[in-house]
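J.: Provide a 3D model corresponding to the input given below.
(chains A, B, C and D)
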Protein chains: 2
Amino acid sequence: MTRWLDDREQRAWRDYLAMQSRLGAELHRRLQADAGLSLADFDVLVALTDRPDERARVLELAGALQWEKSRLSHHLARMRRRGLITREECDDDGRGAFVALTSEGRTAIERAAPDHVESVRELLFDALSDEDVDALARITGAVLSRLAPGAVSR
Amino acid sequence: MTRWLDDREQRAWRDYLAMQSRLGAELHRRLQADAGLSLADFDVLVALTDRPDERARVLELAGALQWEKSRLSHHLARMRRRGLITREECDDDGRGAFVALTSEGRTAIERAAPDHVESVRELLFDALSDEDVDALARITGAVLSRLAPGAVSR
DNA sequence: GAAACATGGATGACACGTCAACTATTCCGG
DNA sequence: CCGGAATAGTTGACGTGTCATCCATGTTTC
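T.: Now for the predicted structure:
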């Protein structure tokens, strides 16, 4: 027997879907306009700047981003073409490769980050009370912990 | 001055992003496996079944789905190839076209809907208390009302 | 009623994501 | 050592989304 959604649930679900697509689209549009980066570019660049030496093995990066390796590989190829990153051979392991930030990449992320954070704040957090933020963390944590045990922050 | 995110906010944001991508991916995977439909297909088919005569003008449909016309046009072309919908000429307006559900389309959505709703319930609502559902509706409503006035349900 | 303009919709180019298959190395048991 | 399995990463095909552009038909204005 299908357990259909009641009105309250349908409304929450519809609004969640709408928020998700609009919020993502708006953040993407702004980031693209301000910095010429996609959200995906941004995430890769942030993950790289998080490393002490601004470089990482491809699969390590995939793990940090929780991306499929093929997605990352394709994306890195595009970013390499644009000069945001470089590929460096790996001495220890002939199969492997390091991805390293270029100076263009570093400049791009340093320019982009403040505006992007400001957008997230403006579009999301400014609309929420402190209790809302807690509720959001509780909700996302609860869903994530059933969906992907181990993926919840903290 | 950039207003950076504090730890609480960062955690909520990271988990939100993770939830969004995993929840979407899992729903997509199941829908694809169970019914051979993408989430986009599903939305189009639902929008069409909502119409009394199971057909609609392309731009009307785009409005209902809140999709760009070119996105919808591309998607309808793919769905047409798969026999889920048909295109019917419009007598009143020589430029226009109706999109209509085929019997395959109707069958597909009728088969897919119960399982999909069940997935949404299992992956999302079963993880949430009644208060969480209210909080989710409040949060999504608040964000949407700044982001896209008029797009909030109800 | 013809030129200018608006509208409905399709199309092409390109970025992105997934899946499956592939290549090149490294590892590991005998 | 050698041959097979595992691992690192790439590639190709294809579905999807965006943007800009285009085409055909309607509408408006003089």
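
J.: not counting sequence-adjacent ones, nearest residue to the most centrally placed residue in chain A?
T.: By C-alpha atoms, centre = their mean, the mean C-alpha position of chain A lies nearest to residue A:43, the distance being 4.3 Å. The shortest distance from residue A:43 to any residue that is not its chain neighbour, by C-beta to C-beta, 6 or more residues apart in numbering or on different chains, is 5.9 Å, and that residue is residue A:65. Where you see a C-beta, it was placed from the backbone N, CA and C, and this is true even at glycine.

J.: is it true that the one you found touches residue A:47?
T.: Yes - using C-beta atoms under 8 Å, residue A:65 is in contact with residue A:47, at 5.6 Å.

J.: those two: which is more packed in?
T.: A count of neighbours by other C-beta atoms under 10 Å in any protein chain shown puts residue A:47 above the other of residue A:65 and residue A:47, at 19 against 16.

J.: that one sits in which helix or strand?
T.: Assigned by DSSP states H and E, residue A:47 falls within helix A:39-49.

J.: that helix: which residues count as buried?
T.: The neighbour-count check on helix A:39-49 (16 or more other C-beta atoms under 10 Å in any protein chain shown) flags A:40, A:41, A:42, A:43, A:44, A:45, A:47, A:48 as buried.

J.: would that helix count as contacting DNA strand C?
T.: Yes - Helix A:39-49 is in contact with DNA strand C by C-beta under 7 Å from any atom of the strand, via A:40, A:41.

J.: please apply the same query to stretch A:16-36.
T.: No - applying C-beta under 7 Å from any atom of the strand, one finds stretch A:16-36 separated from DNA strand C by no less than 8.5 Å.

J.: could you list the low-pLDDT ranges of chain A?
T.: A:149-154 (pLDDT under 70).

J.: where do the strands of it begin and end?
T.: A:55-57, A:85-89, A:97-101 (DSSP state E).
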